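Student: quick one, fold the following:
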Amino acid sequence: MVTLDDILKWLSSGTDNASSLIDLKWNIKKVGNYIALENNKIPFDILLYADDQKKSCSLIVRTGIETATIENQPRLTIYRTLLLLNQKVEMVKFMLDGINEEVVAREDFDLSVLTKDVLNTGLNTILAAFYLMVKALNMEDEFNSGVIERTAMMIKEMASAGKTKEEIKDYLVSSLGLNENDANKLISEVLSADSAPKNMYE
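Tutor: Below you'll find the predicted structure:
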């Protein structure tokens, strides 16, 4: 079974030009009971929480969306959207946290079966889920550039690993919720250029 020290070693021993998330060099900081993972390629911090008694760990992304004080109708719209997302994304769940009822994304792992590859898949999945939330809640303008950069990086990583364009498209459609035309356009732009497209939401 892996330990928290093993996980932190994976995350701290990478390089800035790595092609996969797990192999990036993460800046690691202790924040209360959590460990904050920071990298300038990711538009938000990812929190890591380990529970030795339950032999589990979690990745958590705080969205900054606090629902406790907003009007009933927009709050119900947010709740409905999150419930639909919870049905669509298998590993990641959206929930409310704290007195301000902030929307967070959470993904849990069993330490007894966790590997470096599984954690890398988990990092990609929670970022894909965050992308779906951004799109579903019409927050593209706020998060557009950072999410685009990471999605472009993910596509290049999959291509480098030998995935065909069809396999990459299937992943974008099934996991990120893109339609086939948008997925094909995004793959073409990313793999034929040195920089990410300007706006994947168009």
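Student: thought Ile46 was touching Cys57?
Tutor: No: Ile46 is beyond contact range of Cys57, at 11.9 Å (criterion: Cβ atoms under 8 Å). Every residue, glycine included, has its C-beta placed from N, CA and C.
Student: helix or strand right after the least confident helix or strand in the chain by mean pLDDT?
Tutor: Each helix and strand of the chain was given a mean pLDDT (mean pLDDT, DSSP states H and E); the minimum falls on helix 140-160 at a mean of 72. For helix 140-160, the following helix or strand on the C-terminal side (DSSP states H and E) is helix 165-176.
Student: what pLDDT, on average, does stretch 95-114 get?
Tutor: For stretch 95-114, the mean per-residue pLDDT is 95.
Student: and it, how far from the chain's centre?
Tutor: 12 Å (Cα atoms, centre = their mean, to the nearest Å).
Student: kindly report the same for stretch 99-116.
Tutor: On Cα atoms, centre = their mean, the centre of stretch 99-116 falls 11 Å from that of its chain.
Student: just the C-alphas of it, formatted as PDB.
Tutor: In PDB, the C-alpha atoms belonging to stretch 99-116 read as follows (Å, rounded to 0.1, in the frame of the first residue of the first chain):
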ATOM      1  CA  ILE A  99     -20.700  27.300   6.200                       C
ATOM      2  CA  ASN A 100     -20.900  29.200   2.900                       C
ATOM      3  CA  GLU A 101     -21.900  26.000   1.000                       C
ATOM      4  CA  GLU A 102     -19.000  26.300  -1.500                       C
ATOM      5  CA  VAL A 103     -19.200  24.000  -4.600                       C
ATOM      6  CA  VAL A 104     -16.200  21.600  -4.500                       C
ATOM      7  CA  ALA A 105     -15.200  18.700  -6.800                       C
ATOM      8  CA  ARG A 106     -13.900  15.600  -5.000                       C
ATOM      9  CA  GLU A 107     -12.400  12.400  -6.100                       C
ATOM     10  CA  ASP A 108     -11.600   9.500  -3.700                       C
ATOM     11  CA  PHE A 109      -8.900   6.800  -4.000                       C
ATOM     12  CA  ASP A 110      -8.200   3.600  -2.100                       C
ATOM     13  CA  LEU A 111      -4.600   3.700  -1.000                       C
ATOM     14  CA  SER A 112      -4.300  -0.100  -1.100                       C
ATOM     15  CA  VAL A 113      -4.700  -0.100  -4.900                       C
ATOM     16  CA  LEU A 114      -3.400   3.400  -5.800                       C
ATOM     17  CA  THR A 115      -0.500   3.600  -8.300                       C
ATOM     18  CA  LYS A 116       1.200   6.500 -10.000                       C
END
